[in-house]
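> My questions concern the predicted model and sequence given below.
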Amino acid sequence: MTKQAEGSITQVAKDLGLNAAMLGRWCREAGKRGHKAFPGTGMPHDQEVARLKRELALVTRERDVLQEAAAFFAKTSR
C-alpha cells in the first residue's frame with residue numbers, strides 16, 4: 001500500500017481488516033522515518049526469547065528421548 005491508495009485511512013483500514021487508528025499511526029511513522037520506520041528485526045530481547053524457546057524445545061525433545069531410552073533399557077536388563 002502506498003500513499004497513492006484511493007480512499008480515506010478509515011476506508012483502507014476497513015478494507016484490510018485493520019484498526020483505523022493503528023493504520024494512521026503506521027502512516028505517520030512511515031512519513032517521519034521513511035524506510036527505517038519498520039526495520040522488521042525485532043528487539044534484541046525478543047530475539048533472545050525466541051532463541052531460548054527454540055533451545056528449550058530442543059533440550060525437551062532430547063530429555064524425552066533419553067527418558068524413553070532409560071525406560072527401554074531398564075525393561076531389557078531384568
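Arrived safely.

> quick one, phi/psi of Ser77?
With angles defined as degrees, to the nearest 10, Ser77 sits at phi -90, psi -10.

> contacting residues around it?
By CB atoms under 8 Å, 6 or more residues apart in numbering, the contact set of Ser77 is empty. Where you see a C-beta, it was placed from the backbone N, CA and C, and this is true even at glycine.

> Now do it, the pLDDT please.
Ser77 is assigned 76 on the pLDDT scale.

> any idea how far it is from Ala70?
Separation of Ser77 from Ala70 (CB to CB, to the nearest Å): 11 Å.

> got the buried residues for stretch 14-24?
For stretch 14-24, burial by neighbour count (16 or more other CB atoms under 10 Å) applies to Leu23, Gly24.

> Just the terminal-to-terminal distance for it.
End-to-end span of stretch 14-24 (CA to CA, to the nearest Å): 12 Å.

> Neighbours of the nearest residue to Gly24 once chain neighbours are set aside, how many?
Excluding its sequence neighbours, the residue lying closest to Gly24 (CB to CB, 6 or more residues apart in numbering) is Ile9, at 5.1 Å. Residues near Ile9, counting by other CB atoms under 10 Å, number 17.

> Give me the pLDDT for Ile9.
On the pLDDT scale, Ile9 gets 88.

> was I right about it contacting Ala20?
Yes. Counting by CB atoms under 8 Å, Ile9 does reach Ala20; the two are 5.7 Å apart.

> the domain parsing of the chain - what is it?
When the chain is parsed with automatic domain parsing, its domains come out as 1-40, 41-78.

> quick one: low-confidence parts of this protein?
1-6, 36-37, 39-41 (pLDDT under 70).

> that older thread, need the winner for burial among the domains of the chain.
domain 1-40 (a mean of 11; mean count of other CB atoms under 10 Å).

> from the middle of its chain, how far away would it be?
Chain-centre distance of domain 1-40: 20 Å, with CA atoms, centre = their mean, to the nearest Å.

> picking that back up, show me what contacts the residue nearest to Gly24?
With contacts defined as CB under 8 Å, 6+ apart, the neighbours of Ile9 are Ala20, Leu23, Gly24, Cys27.
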